[in-house]
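Colleague: With the sequence up front, the predicted model follows.
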Amino acid sequence: MKTKLNPTWRELELGCTVVEAGTSAEYKTGDWRSFYPKTDEDKCIACGVCYLFCPDHSRHIAPRKKKVEGAMYTHYFDFNFQFCKGCGICAAECPTGAIVMIEEGKK
Amino acid sequence: MLEIRFHGRGGQGAVTSAELLAQAAIAEGRYAQAFPSFGPERRGAPVLAFARIDDHPIRLRQQIYEPDVAMVLEEALMKIVDVEAGMDERGLIIVNTMHTAAELRERYHLKPARRIWTVDASRIALEGLGRPITNTTMLGALINATQCVRLDSMKAPLDARFGKIAEKNFNVLKRAHDECCAGEAR
Amino acid sequence: MKNRIEVGKPVGIEVSIAQSEVVAQCDVDVIAAYPITPQTHIVEHLAEIVADGDLDAAFIPVESEHSAMSACVGSSAVGARTFTATCSQGLALMHEILYIASGLRLPIVMSCVNRALSAPINIWGDQSDIMAERDTGWVQIFTENGQEVVDQTICAFRIAEDRRVMLPVIVNLDGFSMSHVIEPIRFYDTKQVRGFVGVYQPPLRLDPAQPMMFGPVGIPEIYTEAKKANDVALIESRQVIEEVWAAFAREFGNAYRALETYRTDDAEYLLLTVGGMSETASVAIDALREQGVKVGQVKLRLWRPFPHDDLAALLGKARGVFVFDRCLSTAGPGGPVASEVKTSLYNLRERPLVVGFIGGLGGRDVTVQQFADMVHKGIGYVAAGAAPVYEMVGVRE
C-alpha cells in the first residue's frame, strides 16, 4: 500500500480522497476468522450463490475443473482465505447445504 | 436626486414603469435605481414601485419615504391609498384620470398647494394598444412634467422589453407626453 | 458564447439577472438549484439562458435544496464547474451538505441572497441565514451593490478553482434591497471573462477510467488531521483571494479588499457594516462628517477566512467601534459580526469600546438617520465607558 498508515495533515490527499482503486485488496481480513467454510463437493451444484452473497469477495472464480450433472466446468468457485472472515453467510445461503462452517484448527 | 413613487395594482406593470425609466436614465450615462415594494406579488392589490434618478452614483438603499413625484396609474387607487404620503409642498402627483386637477383636488382633499398633472392614459392606451394598460403611457406625462429623461431615451428600453409592440408603446407614451395637463396649484 | 449584454458601459439591469448573466459568462457546466424567494430570478434566468442555447450547461431542477447541494457535490466531483443559488430555509436545508462540499474540497460557487429565517415566516432580507453557516468551511464574501455582485462572482470561480484553494465559495447579496433592484452595472467581454476565470482542471476527479474514492470514512486517527488540513486551506486561501482581486483590478479596473474603508483617516470612531446596507451607512458618515463628528466606516467584505489581523490593525486605535449586525444571535454574546470583531480586539493591550447594534431584521429598513443615531449613541457609550452587550435598533417598545 502506498498510503501511509497515520499521515500528518500535510500528507493527506485533497479531501481525504483515496486515489488508488481497489485498495481493499491490500487489507487482509482473513486473520479475523474463527470459523472457516468447507464445501462438500458432492452436494455443490456450482450455482454461484455463495459467490454472490460473499460480502468480502473472498469467494472467487478459479480455474478448476468440475463435472456437475454431466457438464464440465473449467472455472469454478473457490475460497480465498486471505480475505474470508468466516462470517458464514455462504453457508447460510447455500441452497444444497454444501457449505459447513468448521472451527479453525479442526478438520 | 429625483425620487419617484409609482402607485398601481399588482399586474398593471408599475414595476415595469420604474424599471424602464431607470434603464433610460442609465443609458443616458446618468445614475438610477428602480425597485418594487419588496414582497409577494398579488394581482389586483395596490402595489408600489420606486425609482431614483441622479447625476451622481446613488448609494442610498433605504426605501423612498419622501418622494418628489407620485405616479398614480389608476385614479380609483386614490380612494384607498394616500398618494401624497411623505410628500412635501413641492411634491408632484401625476394621475391617470379623465377628470381635471381641480376636480381631483376637491374629490380627494389634496393639499391646496399640491401640483397635480393629469392625463387620460386609459383612453390613450386603449386606442393605441387595444388594452387599458397604462404603465408605459404614463411615463410620457412624467417625462413632460419633470424632464427626468429625454423622450427618445425611452425607445431602447421599450425595444428590449416589448420587441414587436415597442413602437406602439412608444407612441402612446409620446401621446401622453403631448396631451397631459399641468394642473394649477391653488 | 456571444455577449448577451452590452459591454463596457453601464446598463440598467436587475442585480439577480446580472448575476445569472455573469455566471453564464463564466462558462459553468452544471447548475443545480431549487427556487426560493428572493433567489428565484437568478435560477429562473439561468434556466432561460441554458434553454435558449446560449450556455452549454446542464440545468438540474431538483426537489429540494438538500438535493441541489448534493447534485452540486456530485457534479463538482466529476470535474464540472458548478453553480447554485439559495437563501434562508433553503440554505438551512443544505446545511449538512455544505460541510461535505468543503470537506471534499469541491470548488462549487454559490450565490446566497441573504434572507431571514422562520418563524415567523419572513421572505425579506437579513443575514441570519449565512451567519448560521459561518463554520461550514466555505470562503464567504459579501457585496454591497450590483457591480460588486458581478465582479465577485467572476472572482469566486477563480478563487475556488485555484489549486492552492480548492474550496467552495459563497457570494452574499442582500435579499430584495440588492437582488431586486435595477441599477447601473458594467459588463465585461465574455471572452475576457472566460480568459480570466480559466479552464477548470481538477487535480482529482471521479472518473471511471481512473477510479478513486471520494468521501471515505475518516476514523478518529484521520479526522483531526482532515479538519486541520481544511482549516489551513481556508486560512491560506486569503493569499489567493488577494491575488485574484489584484488580478481582477488589473484586468477589469475595480479593486477589492477584505476590509473596505470609508473616511477613516483621523477617525476616532468607526462604524462597521456588512453587505448592502453599507452604502446607506456611508451616506450617514458623510452627514456626520459635515457635523464635525470624527467617524469613519469599515465595511467587512471577507467573512471567511476572517481577516482577524487586519481588523485588529484597523480598529485597534479607534476610541469606539460600532458594529451593525443584521442577525440576532439569540441570547448570545452579541451579533455574529460584533462578537467576532470583539474577539479580534480582545488580546490587544489597548482596545476600543465595541458597541453592537442589531437591526434590519426580516426586511426592516434602516435609514441614514438611524445609522447616524447609532453613531451618536455609540459615542455616548464611549464617553460613559460602558455599553450593553448588544442592543436592537428600530424595535417598537
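Modeller: Alright, I've got the coordinates.

Colleague: Is chain B within reach of stretch C:104-124?
Modeller: Yes. Using Cβ under 8 Å from any Cβ of the partner chain, stretch C:104-124 reaches chain B at C:Ile123, C:Trp124. For glycine as for every other residue, the C-beta is placed from the backbone atoms N, C-alpha and C.

Colleague: what comes up buried for that stretch?
Modeller: Residues of stretch C:104-124 classed as buried under the neighbour-count rule (16 or more other Cβ atoms under 10 Å in any protein chain shown) are C:104-117, C:122-124.

Colleague: can you check stretch C:59-72 too?
Modeller: So, applying 16+ other Cβ under 10 Å, buried residues of stretch C:59-72: C:Phe59, C:Ile60, C:Val62, C:Glu65, C:His66, C:Ser67, C:Ala68, C:Met69, C:Ser70, C:Ala71, C:Cys72.

Colleague: for the residues you listed, which one is nearest chain B?
Modeller: The closest of the buried residues of stretch C:59-72 to chain B turns out to be C:Glu65 (Cβ to the nearest Cβ; 19.8 Å).

Colleague: and the closest one, what is it in contact with?
Modeller: The neighbours of C:Glu65, taking Cβ atoms under 8 Å, 6 or more residues apart in numbering or on different chains as the test, are C:Tyr34, C:Ile36, C:Thr86, C:Gln89, C:Gly90, C:Leu91, C:Leu93, C:Met94.

Colleague: pLDDT at it, what is it?
Modeller: Note on C:Glu65: pLDDT of 98.

Colleague: Next: C:Lys2.
Modeller: 81.

Colleague: and it, how far is that from chain A?
Modeller: C:Lys2 sits 36 Å away from chain A, going by Cβ to the nearest Cβ, to the nearest Å.

Colleague: and that residue, how many neighbours?
Modeller: 6 (other Cβ atoms under 10 Å in any protein chain shown).

Colleague: returning to that earlier point: just the ones of the buried residues of stretch C:59-72 in strands?
Modeller: C:Phe59, C:Ile60 (DSSP state E).

Colleague: possible to save the buried residues of stretch C:59-72 as JSON lines with distance to C:Thr273?
Modeller: Output for these, formatted as JSON lines (distance: Cβ to Cβ, whole Å):
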{"residue": "C:Phe59", "distance to C:Thr273": "35"}
{"residue": "C:Ile60", "distance to C:Thr273": "36"}
{"residue": "C:Val62", "distance to C:Thr273": "35"}
{"residue": "C:Glu65", "distance to C:Thr273": "28"}
{"residue": "C:His66", "distance to C:Thr273": "32"}
{"residue": "C:Ser67", "distance to C:Thr273": "35"}
{"residue": "C:Ala68", "distance to C:Thr273": "30"}
{"residue": "C:Met69", "distance to C:Thr273": "29"}
{"residue": "C:Ser70", "distance to C:Thr273": "34"}
{"residue": "C:Ala71", "distance to C:Thr273": "35"}
{"residue": "C:Cys72", "distance to C:Thr273": "30"}
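
Colleague: which residues of chain B fall in strands?
Modeller: B:2-9, B:31-36, B:46-54, B:69-72, B:92-96, B:115-119, B:181-182.

Colleague: same thing with chain A?
Modeller: According to DSSP E, the strands that chain A contains are A:35-39, A:59-68, A:71-79, A:99-103.

Colleague: pLDDT score assigned to the residue lying farthest from the centre of chain C?
Modeller: Here chain C reaches farthest from its C-alpha mean at C:Ala209, the gap being 37.1 Å by Cα atoms, centre = their mean. At C:Ala209, the model reports a pLDDT of 94.

Colleague: count of neighbours near residue 88?
Modeller: Using chain A here. A:Gly88, neighbours per other Cβ under 10 Å, totals 14.

Colleague: Hmm, no, I was thinking of chain C.
Modeller: 30.

Colleague: May I have the phi/psi pair for the closest residue to it other than its chain neighbours?
Modeller: Among residues not flanking C:Ser88 along the chain, C:Arg115 sits closest, at 3.9 Å (Cβ to Cβ, 6 or more residues apart in numbering or on different chains). Phi and psi for C:Arg115, reported as degrees, to the nearest 10, are phi -140, psi 150.

Colleague: Touching, C:Arg115 and C:Trp124? I think so.
Modeller: Yes. Taking Cβ atoms under 8 Å as the definition, C:Arg115 is a contact partner of C:Trp124 at 6.6 Å.

Colleague: Need the residues touching each of those two.
Modeller: In contact with both C:Arg115 and C:Trp124: C:Pro38, C:Gly175, using Cβ under 8 Å, 6+ apart.

Colleague: closest to chain A among the buried residues of stretch C:59-72?
Modeller: Ranked by distance to chain A (Cβ to the nearest Cβ), the buried residues of stretch C:59-72 are led by C:Cys72 at 14.6 Å.

Colleague: any idea how far the closest one is from C:Ala80?
Modeller: Using Cβ to Cβ, to the nearest Å, C:Cys72 is found at 9 Å from C:Ala80.

Colleague: so what sits against both of these two?
Modeller: Common neighbours of C:Cys72 and C:Ala80 (Cβ under 8 Å, 6+ apart) are C:Val30.

Colleague: quick revisit: sitting in strands, which of the contacts of C:Glu65 do you find?
Modeller: C:Thr86.

Colleague: Would you mind putting the contacts of C:Glu65 into JSON lines with distance to chain A and pLDDT alongside?
Modeller: Below are the contacts of C:Glu65 laid out as JSON lines (distance: Cβ to the nearest Cβ, whole Å; pLDDT from 0 to 100):
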{"residue": "C:Tyr34", "distance to chain A": "25", "pLDDT": "98"}
{"residue": "C:Ile36", "distance to chain A": "28", "pLDDT": "97"}
{"residue": "C:Thr86", "distance to chain A": "22", "pLDDT": "98"}
{"residue": "C:Gln89", "distance to chain A": "28", "pLDDT": "98"}
{"residue": "C:Gly90", "distance to chain A": "24", "pLDDT": "98"}
{"residue": "C:Leu91", "distance to chain A": "22", "pLDDT": "98"}
{"residue": "C:Leu93", "distance to chain A": "23", "pLDDT": "98"}
{"residue": "C:Met94", "distance to chain A": "18", "pLDDT": "98"}
